[in-house]
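A.B. asks: Dropping the sequence and predicted coords here.
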Protein chains: 2
Amino acid sequence: MIAVDWGTSSLRAYLLDATGGVLEQRRGNDGILACQGRFGEVLSALIDGWEGPVVLSGMIGSRNGWVEQAYLPCPTDTAALAGAMRRYDDLLPGRTLWFVPGVSTGAQHGVPDVMRGEETQLVGLIAALGDGDHIACLPGTHSKWATIADGQLTDFATVMTGELYAVLRQHSILGKLMPDDHADLDEAAFLSGVDRSADPGGLSHHLFGTRTLGLFDRLHAQALPSYLSGLLIGHELGEHRGSHATVHLVGSPALAQRYTLALTHLGVATQPHPEDLAAAGLFALARQRGLV
Amino acid sequence: MIAVDWGTSSLRAYLLDATGGVLEQRRGNDGILACQGRFGEVLSALIDGWEGPVVLSGMIGSRNGWVEQAYLPCPTDTAALAGAMRRYDDLLPGRTLWFVPGVSTGAQHGVPDVMRGEETQLVGLIAALGDGDHIACLPGTHSKWATIADGQLTDFATVMTGELYAVLRQHSILGKLMPDDHADLDEAAFLSGVDRSADPGGLSHHLFGTRTLGLFDRLHAQALPSYLSGLLIGHELGEHRGSHATVHLVGSPALAQRYTLALTHLGVATQPHPEDLAAAGLFALARQRGLV
């Protein structure tokens, strides 16, 4: 089978064998924003020469994607997601395509939350973890925190940590004291931000401290981005890490490093998982549906 | 005397009589950002024909202003601020200028906080309120919350509410679903944001709900800016309004309206004060110093 993880700014395809092993992997240059109206053309070129049913997940199934897919409400599981996959025989000549739905939650306090793509990574994680209660964090532009109980995705929440960091650095007064280039992580400043996040006053007050610490020369300009990152990640962890002994991290090594640093500082263990869990998740869904 | 309130993007001058009454008021077009290097020229033209010592407060005394003034640490009061004013006889030919210092706090948790200009409005407020324990909110780009006890400014905190609103609306994914024009306040959506701010999950999670409420058509595009505003102001109030029965509000009528709406919704009384309390504060400082 062919597994395709197609996000807003990334595109990865995997050719899998009958046991889910990765035979070949290809990366495209085109996230869905970059190839509006050319989805068939881009996919066709990327998987040229590969055989088998194509299963796709991620923002390719969003309103701005190829064919909009529904959201399955939480709690849900691998069987429900596989059962809700939709088949398309006419999108790409000679190919059978399957789209994975997104997942929504809205029970808590009546405000909906959504994911597209992460549910497939979580299916891959569930396959790896087995039964029991788990908490997983998928850090990124919009971090997702998911609770898993005996193979079921019970609830999740989105936190805008990565986007807030980028927007505040580029467009707010906080960025004015910072260097233009992406400074290396300053671990002491980062952890100082994590510590500060536990104080009273709230995120929007703590953020202003990034400026005053710079103005009063308490932190060097090079250290300010790390402090800001620590504040934002610290607030995220304070609200969402719950009381589990271990947090499962699914994300890039650079982000997993930051979250591990912060969580270790808070006395919580972390377990990193490969970023390309999507391939394992797409295989588990295809097998559940009887496609492989 | 001549009282000058010179901020980042605004400039107001008042000619005051011997009792602090406003004889005449003039507004300049130039905040300090717009007239770098031309401060003398701009001020000279604005107060042309007026007589008396000139007392200035606001960002004009900052690093990016005319002459950088120190910060006086909290707690402080009218006498201490008046005593720390610095006199300049050579900045503007034929004029004696006095600059009001800023105020800082840093005792709490070791992170400094600063104000420039608001301390002068608070001096004006203190003159109006008299003794007792009070809490004041000066909403704006960077809202200030100040606690006042028997004429002393005991502590304060800055919250980046206004800047976060502008930056998120203009530069984040939350703005994409919103109308370009400045929609009128939708009171129901605003209060729904205020209510949401009391839920668990934290600001950065609640912010994402602005997007999903739009995506799921739970709120119209025109109502989304009001919801975002309610979230941000709600978080600010939740962290800083304390337990006082009344919050004193010093700000524009439009902002005072929003804060009054939110605080009334939370069962807290508000008392609005004129935005130009700076003139009263500058007069109180000049009188304390023996200039009038």
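C.D. replies: That came through, no problem.
A.B. asks: what about the helix or strand where A:Ser229 lies, near chain B?
C.D. replies: Here A:Ser229, judged by DSSP states H and E, is contained in helix A:224-240. Yes - using CB under 8 Å from any CB of the partner chain, we find that helix A:224-240 touches chain B at A:Leu232, A:His235, A:Glu236, A:Gly238, A:Glu239, A:His240. Backbone N, C-alpha and C define where each C-beta goes, glycine included.
A.B. asks: Narrow these to those that are buried.
C.D. replies: A:Leu232, A:His235, A:Glu236, A:Glu239, A:His240 (16 or more other CB atoms under 10 Å in any protein chain shown).
A.B. asks: residue farthest from the centroid of chain A?
C.D. replies: A:Phe216 (36.4 Å; CA atoms, centre = their mean).
A.B. asks: For the residue nearest to it when sequence neighbours are not counted, give its distance to B:Phe99.
C.D. replies: Nearest residue to A:Phe216, sequence neighbours excluded (CB to CB, 6 or more residues apart in numbering or on different chains): B:Pro112, at 4.9 Å. Note on B:Pro112: its distance to B:Phe99, by CB to CB, to the nearest Å, is 20 Å.
A.B. asks: Of the two, which one has the most company?
C.D. replies: Ranked by neighbour count (other CB atoms under 10 Å in any protein chain shown), B:Pro112 and B:Phe99 place B:Phe99 first, with 25 against 19.
A.B. asks: Please name the bridge partners of that one.
C.D. replies: Bridge pairing for B:Phe99 (DSSP bridges) gives the partners B:Leu56, B:Arg86.
A.B. asks: swap in A:Leu11?
C.D. replies: Here A:Leu11, judged by DSSP bridges, has bridge partners A:Trp6, A:Gly28.
A.B. asks: And it, how close does it get to chain B?
C.D. replies: A:Leu11 is 20 Å from chain B, where distance means CB to the nearest CB, to the nearest Å.
A.B. asks: That residue contacts A:Leu33, correct?
C.D. replies: No - using CB atoms under 8 Å, A:Leu11 makes no contact with A:Leu33, being 10.9 Å away.
A.B. asks: who's more crowded, the two?
C.D. replies: A:Leu11 (22 against 12).
A.B. asks: Check the gap between the more buried one and A:Cys35 for me.
C.D. replies: The value you get for A:Leu11 to A:Cys35, if CB to CB is used, is 8 Å.
A.B. asks: Overlap of the contact sets of the two?
C.D. replies: A:Val42 (CB atoms under 8 Å, 6 or more residues apart in numbering or on different chains).
A.B. asks: and the most centrally placed residue in chain A, what pLDDT?
C.D. replies: When CA atoms, centre = their mean is applied to chain A, the residue found nearest the centroid is A:Leu138 (4.3 Å). For A:Leu138, the pLDDT comes out at 97.
A.B. asks: A:Glu275 now?
C.D. replies: Taking A:Glu275 on its own, its pLDDT is 79.
A.B. asks: again, but for A:Gln108
C.D. replies: Value listed for A:Gln108 in the pLDDT field: 57.
A.B. asks: Check A:Asp181 too.
C.D. replies: 80.
A.B. asks: The helix holding A:Ser229: what's the following helix or strand?
C.D. replies: strand A:246-250.
A.B. asks: List the contacts of that following strand.
C.D. replies: A:121-122, A:125, A:129, A:134-139, A:241, A:256, A:259-260, A:263, A:268-275, A:277.
A.B. asks: what do you get for stretch A:276-291?
C.D. replies: Against stretch A:276-291 from outside (CB under 8 Å, 6+ apart): A:1, A:3-5, A:12, A:14, A:16, A:20, A:22, A:25, A:53, A:55, A:57-58, A:78-79, A:81-83, A:85, A:98, A:100, A:117, A:119-128, A:250, A:292.
A.B. asks: rerun that using 7 Å as the cut-off
C.D. replies: A:1, A:3, A:5, A:12, A:14, A:16, A:20, A:22, A:53, A:55, A:57, A:78-79, A:81-82, A:85, A:98, A:100, A:117, A:120-125, A:127, A:250, A:292 (CB atoms under 7 Å, 6 or more residues apart in numbering or on different chains).
A.B. asks: Please look at A:Gly28 and A:Ser44 and confirm they touch.
C.D. replies: No - in this structure, A:Gly28 is not within contact of A:Ser44 by CB atoms under 7 Å, at 11.1 Å.
A.B. asks: Neighbour count: the two, which is higher?
C.D. replies: A:Gly28 (18 against 14).
A.B. asks: and that one, how far is that from A:Glu51?
C.D. replies: 19 Å.
A.B. asks: Ok, A:Pro75 next?
C.D. replies: Taking CB to CB, one finds A:Pro75 at 36 Å from A:Glu51.
A.B. asks: Counting neighbours around each, name which of these two comes out higher.
C.D. replies: Set A:Pro75 next to A:Glu51 and count neighbours by other CB under 10 Å: A:Pro75 wins out with 16 against 9.
A.B. asks: What separation do you get for the nearest residue to that one once chain neighbours are set aside and B:Thr8?
C.D. replies: Among residues not flanking A:Pro75 along the chain, A:Thr154 sits closest, at 4.6 Å (CB to CB, 6+ apart). Computed as CB to CB, the A:Thr154 to B:Thr8 distance reads 48 Å.
A.B. asks: out of those two, which sits in the busier spot?
C.D. replies: B:Thr8 (19 against 15).
A.B. asks: Show the pLDDT at A:Gly130.
C.D. replies: 85.
A.B. asks: Which residue, other than its chain neighbours, is closest to it?
C.D. replies: A:Gly151 (7.6 Å).
A.B. asks: Please look at that neighbour and A:Asp131 and confirm they touch.
C.D. replies: Yes - with contact defined as CB under 7 Å, A:Gly151 and A:Asp131 form a contacting pair (6.2 Å).
A.B. asks: Compare those two (neighbour count), which wins?
C.D. replies: Legend: neighbour count by other CB under 10 Å for A:Gly151 and A:Asp131, higher for A:Gly151 (16 against 11).
A.B. asks: just the helices in chain A please.
C.D. replies: Along chain A, the segments classed as helices by DSSP state H run A:39-46, A:78-83, A:118-129, A:161-171, A:187-196, A:203-215, A:224-240, A:253-265, A:277-288.
A.B. asks: Using JSON lines, lay out these together with distance to B:Asp89.
C.D. replies: Output for the helices of chain A, formatted as JSON lines (distance: least, CB to CB, whole Å):
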{"stretch": "helix A:39-46", "distance to B:Asp89": "72"}
{"stretch": "helix A:78-83", "distance to B:Asp89": "77"}
{"stretch": "helix A:118-129", "distance to B:Asp89": "66"}
{"stretch": "helix A:161-171", "distance to B:Asp89": "41"}
{"stretch": "helix A:187-196", "distance to B:Asp89": "43"}
{"stretch": "helix A:203-215", "distance to B:Asp89": "29"}
{"stretch": "helix A:224-240", "distance to B:Asp89": "39"}
{"stretch": "helix A:253-265", "distance to B:Asp89": "54"}
{"stretch": "helix A:277-288", "distance to B:Asp89": "71"}
